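Chemist: sequence and predicted structure below; questions after.
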Amino acid sequence: MRVLVTRPEPGATATAARLRERGHEPVALPLSRTVAIDDVALPDGDFDAVVVTSANALRHAPTEFGERFGDLRLFAVGDRTADVARQAGVEHVESANGDVRDLASLVTRKLPAGSRLLYLCGRRRRPELEAALRERGFTAVPLETYATEQVDRSPEQLAVTIGEGPIDAVLLYSPFAAELLNGIAGEPSVTAQFATVRLLCMSWQITDRLGPELRARAEIAAQADEESLFALL
């Protein structure tokens, strides 16, 4: 299958390699890039733990984060994010192995209500985790470490990257990627390649950002991880 990989680098290259090992033909087309936010100021006060929903939040965290909060327990949304935390030197890491609802449930089981949590995150994010933690009696203080920007390409660049053959499936990892894909799939230079495409989504929130025609062909992974996404292929 020809599979379009939309996630930012360095993830796009890693995913393409995994697809190639499984006999697929990956087409890497990162729709966005992540950039570190300059002059991130660490919040004042003490914290009981750290919560993270994105490996990029860890990759772009300032050095001072590890020096000040590296000894705290860290709760990650999934195994990939947990692995990045361990690679960054965080010792006490637990994975919810799911989505933000699973992460909120894990925190609720492990910590007493009233705990103050440092939420390592990006500037562009959905409010579900903060709302879920607040409802459970926790205080989540966001620390935005990165921003997500669209990667601009001309119609000619799109046509060259995607090629002439049909795209059998698109892997979508975020609602922002879904928004951007709407415009790309409607671009005349590549519309034919998306005629029968399947949209494989990491979570149900992603399908909400697809246009009606694409949403009708969307499928949702059983869990919010890449292995479950691959299982749809």
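Modeler: Right, received. Where do you want to start? Numbers count the residues shown, from 1 in each chain.
Chemist: and the strand or helix carrying Glu67, what's buried?
Modeler: Glu67 is located in helix 63-69, with elements delineated by DSSP states H and E. Using 16 or more other CB atoms under 10 Å as the test for burial, helix 63-69 gives 65, 69. Every C-beta, even on glycine, is put in place using the N, C-alpha and C of the backbone.
Chemist: wait, doesn't Thr13 sit right on Ala28?
Modeler: Yes - contact status for Thr13 versus Ala28: in contact at 6.7 Å, counting by CB atoms under 8 Å.
Chemist: one step back: got a list of contacts for the next helix or strand after the helix holding Glu67?
Modeler: Going down the chain from helix 63-69, the next helix or strand is strand 73-76, by DSSP H and E. Applying CB atoms under 8 Å, 6 or more residues apart in numbering, the contact partners of strand 73-76 are 48-53, 82, 85, 90, 92-96, 103, 106-107, 110.
Chemist: where's Val50, which helix or strand?
Modeler: Using DSSP H and E, Val50 maps to strand 49-52.
Chemist: mind checking the pLDDT average for that strand?
Modeler: Mean pLDDT, computed over strand 49-52, is 98.
Chemist: could you do stretch 182-200 as well?
Modeler: 94.
Chemist: hmm, who's touching it?
Modeler: The set of residues external to stretch 182-200 that reach it, using CB under 8 Å, 6+ apart, is 4, 29, 31, 155-156, 158-159, 162-172, 178, 181, 207, 209-211, 214-215, 217-219, 221, 229, 232-233.
Chemist: what about the closest residue to Glu9 other than its chain neighbours, neighbour count?
Modeler: Residue nearest to Glu9 in three dimensions, not counting chain neighbours: Pro30, with 5.6 Å by CB to CB, 6 or more residues apart in numbering. When neighbours are defined as other CB atoms under 10 Å, Pro30 has 17 of them.
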